[in-house]
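Q: sequence? don't have it. structure:
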């Protein structure tokens with residue numbers, strides 16, 4: 001998973017590559033060099049912000065120990081917060097956390113022998129409590145769950161269950177409680193991929209089911225009136241990389257089918273997407289610390305080979321890279337995103 005943090009003046013990108021945890025910054029000055037935060041780690045890592053906005057990263061070293069990496073104005077600190085005492089630490093384990101000054105509410109999965117995973121919560125503080133199991137989940141695309149922040153102490157835990165049929169849904173997690181599982185989509189067919197977006201008006205979901213003959217893209221929302229009915233947004237063979245987001249206050253969905261990009265605005269018929277999209281897409285988590293822009297999203301798609309290169313949004317939101325909106329230079333470049341203007345060519349190829 002790649003993490004992208006958008007601030008008023010930069011895009012901060014965290015990603016894994018070849019056993020290393022790396023960081024690059026995109027700003028009006030250009031693209032920074034790669035900063036190595038840690039080496040000798042496993043691929044799965046997660047990033048959370050503290051209540052003061054500092055970045056905290058959870059990862060595992062090659063011994064299976066859980067490492068907490070903190071970034072602040074004084075630099076980077078690394079320490080083991082959970083030591084692996086077993087001989088078997090295979091399987092992908094992901095972490096998500098709410099981080100306070102003297103306490104961490106840690107959410108993670110643990111694999112079992114039958115292919116399922118236990119979802120657990122553990123409080124780490126001066127009086128550390130043992131892990132508390134909340135549910136059983138199954139991996140989808142090598143990921144057991146995705147956690148989305150609604151507010152600093154309110155999260156959505158999105159994952160796959162198997163209860164007679166395949167179910168995609170979520171639990172709401174707060175300080176001292178775990179809500180019931182809300183099924184968003186249920187199907188006897190296997191799910192291919194899914195996406196979720198959160199705005200101040202509601203939750204928006206997209207999911208793909210696959211058969212040998214065709215793929216279906218479904219959409220559903222939950223707003224103040226409750227859940228909408230599931231709607232078939234597209235039916236084309238080979239749908240991949242769904243991404244639901246809010247564009248100018250309305251839901252939109254991007255996807256690829258047979259290596260061709262499509263976009264759906266306001267749940268109308270799919271239309272070809274004419275912007276530049278790389279051939280190999282990977283999903284990332286998007287943390288927007290600003291209030292500007294027409295695009296509101298919880299996830300992004302990035303170039304798999306260049307994880308710092310966000311796809312799709314720059315092509316449809318002309319202000320996406322305008323880091324200094326009040327400057328005359330940025331105002332003159334409003335019709336194009338200023339970051340890529342600093343290169344002789346436009347598009348992902350130059351990065």
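A: Arrived safely. Just so you know, these numbers come straight off a predicted model, no measurement behind them. Numbers count the residues shown, from 1 in each chain.
Q: helix, strand or coil for residue 315?
A: helix (DSSP: H, G, I helix; E, B strand; the rest coil).
Q: and it, what pLDDT?
A: The model reports residue 315 with a pLDDT of 84.
Q: which SSE is the nearest residue to residue 15 once chain neighbours are set aside in?
A: Closest residue in space to residue 15, ignoring its immediate chain neighbours: residue 307 at 3.7 Å, by C-beta to C-beta, 6 or more residues apart in numbering. Quick note: C-beta positions are derived from backbone N, CA and C, even for glycine. Per DSSP states H and E: residue 307 is located in strand 306-310.
Q: Which other helices and strands does that strand contact?
A: Helices and strands in packing contact with strand 306-310 are listed as strand 2-6, strand 10-17, strand 281-288, strand 299-303; criterion 3 or more C-beta pairs under 8 Å, 6 or more residues apart in numbering; DSSP states H and E.
Q: okay if I get the ones you listed as a markdown table plus distance to residue 73 and mean neighbour count?
A: Listed next are the helices and strands packed on strand 306-310 as a markdown table, based on distance: least, C-beta to C-beta, whole Å; neighbours: other C-beta atoms under 10 Å:
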| stretch | distance to residue 73 | mean neighbour count |
| --- | --- | --- |
| strand 2-6 | 16 | 22 |
| strand 10-17 | 14 | 20 |
| strand 281-288 | 19 | 19 |
| strand 299-303 | 27 | 23 |
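Q: so which of these comes closest to residue 211?
A: Residue 211 lies closest, by C-beta to C-beta, to one member of those: strand 281-288, at 22.1 Å.
Q: helices and strands around that closest one, which ones?
A: Short answer (3+ C-beta pairs under 8 Å, 6+ apart): strand 281-288 packs on strand 2-6, strand 41-49, strand 239-247, strand 299-303, strand 306-310.
Q: Please name whichever of those strands is nearest to residue 59.
A: Across the helices and strands packed on strand 281-288, residue 59 has its closest neighbour in strand 41-49 (3.9 Å, C-beta to C-beta).
Q: what's the distance between that closest one and the middle of its chain?
A: The chain centroid and the centroid of strand 41-49 are separated by 12 Å under C-alpha atoms, centre = their mean, to the nearest Å.
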